[in-house]
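> Next input, structure requested:
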Amino acid sequence: MNCFEWEEEQLQCGEGCDACIDSRVRFIPKNCMACKSCELACALRHSASGDINTAIYEYPRPLSRLSIVHGHGKLHLITCVHCKLPKCVEVCKASAITKDGDGVVTIDGESCIGCLECVEACPFGAIQIRDHEAVKCDLCSGAALSCVLACKCGALIYG
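Modelled structure (predicted):
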């Protein structure tokens, strides 16, 4: 089993994958309706206004830090899993990506030089580049997770 062959309620990746940890957000695919409410809530959380009517006019448009994708006949959650040994931290030339004492991996946007090394290094495809700056799930900076709050089918669970 590799990183991309997760069981439905399994929180860790398979044997041999030393980069994985228990994901902070648990995904239950059988509960997911692929409504994308989690993606919208995440984008709104990271918008300047926080208002759906205003956010659609913002430039750059707000970006979700997670996505629900369909592949191999199943739904998958693509987001940062805050790895035990994050490859993104290892390859970041600008030291913009760090891991704190609680195990949360964060990106300092002001330090990021947009080299794309972290995007290539992430085995989960969880890092995106926007305007020469890396972005990924920041666990809502310690606040209640917007994606989990928006998921009314119980497909996303924090903890």
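> do you know how far Cys122 is from Tyr59?
26 Å (C-beta to C-beta, to the nearest Å). No exception for glycine: its C-beta is placed from N, CA and C like everyone else's.
> Equivalent analysis for Ile97, please.
Distance from Ile97 to Tyr59, counting by C-beta to C-beta: 26 Å.
> Lys93 too?
From Lys93 to Tyr59 the distance is 28 Å (C-beta to C-beta).
> follow-up on the earlier one: more neighbours: Ile97 and Tyr59, which one.
Ile97 (24 against 5; other C-beta atoms under 10 Å).
> List the residues that contact that one.
86, 88-89, 105-108, 118, 134 (C-beta atoms under 8 Å, 6 or more residues apart in numbering).
> Quick one: these as JSON lines, columns for secondary structure and distance to Ala143 too.
Shown next, in JSON lines, are the contacts of Ile97 (DSSP: H, G, I helix; E, B strand; the rest coil; distance: C-beta to C-beta, whole Å):
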{"residue": "Pro86", "secondary structure": "coil", "distance to Ala143": "22"}
{"residue": "Cys88", "secondary structure": "helix", "distance to Ala143": "23"}
{"residue": "Val89", "secondary structure": "helix", "distance to Ala143": "23"}
{"residue": "Val105", "secondary structure": "strand", "distance to Ala143": "17"}
{"residue": "Thr106", "secondary structure": "strand", "distance to Ala143": "14"}
{"residue": "Ile107", "secondary structure": "strand", "distance to Ala143": "17"}
{"residue": "Asp108", "secondary structure": "coil", "distance to Ala143": "18"}
{"residue": "Cys118", "secondary structure": "helix", "distance to Ala143": "24"}
{"residue": "Ala134", "secondary structure": "strand", "distance to Ala143": "21"}
